[in-house]
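Participant: Turn this into a structure:
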Amino acid sequence: MSLHKASNDLRYLLNQGYHKSSALTFVCNHYQLEKKDRHFLARTIFSDKEVKAVKEKKLPIEKIRGKNIAIDGYNVLITTEAVLKNEAFLCDDFVLRDTQGVFGKYTVTGQTEKALQKIYFVLQEYPPRKVTFYFDQQVSHSGNLCSMTREHYPCHTIKHVDLQLFTLNNITATSDSVLIHKIDHFVDIPFEISLSKPL
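Facilitator: Numbers count the residues shown, from 1 in each chain. Here you go, the predicted structure:
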């Protein structure tokens, strides 16, 4: 119940123009929430203004057909795995996100290949002109993941994925709210996958 109240309070403060980090700290301290709850609120709650801005940038998945698409590799993969485990959340801005917080660490599991196949299936259903995956070089197993992905699509491991995606400014598959703010258009592949579960 306290998390529900905290969500409402945070949303109210954001709509009043408070900076998110300050509002988060105030709300989490007030309700004595744990770190995982703070992370959940940070990734799921947005102001009405932010929701409107994201809505204007989000494209229906069929718009990727015949276009150049950049994939925010870990972001899309981890969120797709969360979908398969029923651990993804539809946020205020109608973007599907995981809330586990895999910060700098990733483990290849039995879900990895299944999640990648789900992503490939969406791309094959609405074939773009060009697809390129980008994985963060500094995250565990990025080399292995890129090797697996290259059997299907071009893939690169680089140090600054967000900067690369912002610079390219192609249609980007991501749920990263910071990146979405910087680019013109994005698509939500895990959301599409969630509509068609199971394979």
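Participant: For stretch 4-19, which residues meet the burial criterion?
Facilitator: Within stretch 4-19, the residues that count as buried by 16 or more other C-beta atoms under 10 Å are 6-7, 9-11, 13-14, 18. Where you see a C-beta, it was placed from the backbone N, CA and C, and this is true even at glycine.
Participant: what's the longest helix in this protein?
Facilitator: Longest helix of the chain, by residue count under DSSP state H: helix 110-125.
Participant: per the record, what domains does this protein have?
Facilitator: For the chain, automatic domain parsing gives the domain ranges 2-52, 59-195.
Participant: all strands of the chain, in order?
Facilitator: For the chain, the strands defined by DSSP state E cover 68-72, 88-90, 96-98, 130-136, 155-158, 171-173, 186-187.
Participant: Can you get me the start-to-end distance on stretch 88-105?
Facilitator: End-to-end span of stretch 88-105 (C-alpha to C-alpha, to the nearest Å): 18 Å.
Participant: typed the wrong thing, it's stretch 75-94
Facilitator: Length of stretch 75-94, first residue to last, C-alpha to C-alpha: 16 Å.
Participant: same check, this time on stretch 172-189
Facilitator: OK, stretch 172-189 end separation, C-alpha to C-alpha: 10 Å.
Participant: repeat for stretch 154-164
Facilitator: Stretch 154-164 end-to-end distance (C-alpha to C-alpha) = 15 Å.
Participant: and residue 42, which of the strands of the chain is closest to it?
Facilitator: strand 96-98 (10.1 Å; C-beta to C-beta).
Participant: That closest one pairs with which strands, parallel or anti?
Facilitator: Strand pairing for strand 96-98, using DSSP bridges, gives strand 88-90 (antiparallel).
Participant: Could you give me the buried positions within the strand it pairs with?
Facilitator: residue 88.
Participant: Which positions within stretch 166-174 qualify as buried?
Facilitator: Under the neighbour-count criterion of 16+ other C-beta under 10 Å, stretch 166-174 has 166, 170-174 buried.
Participant: Redo those residues as TSV? Include distance to residue 56 and pLDDT.
Facilitator: TSV is the format used below for the buried residues of stretch 166-174 (distance: C-beta to C-beta, whole Å; pLDDT from 0 to 100):
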residue	distance to residue 56	pLDDT
166	18	96
170	17	96
171	14	98
172	15	98
173	17	98
174	16	98
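Participant: Mind picking the two most distant members of those?
Facilitator: Spatially, the most separated pair among these is 166 and 173, at 14.1 Å (C-beta to C-beta).
Participant: Now do the nearest residue to residue 120 once chain neighbours are set aside against residue 14, distance only.
Facilitator: Spatial nearest neighbour of residue 120, chain neighbours left out: residue 152 (5.4 Å); criterion: C-beta to C-beta, 6 or more residues apart in numbering. As judged by C-beta to C-beta, to the nearest Å, residue 152 and residue 14 stand 40 Å apart.
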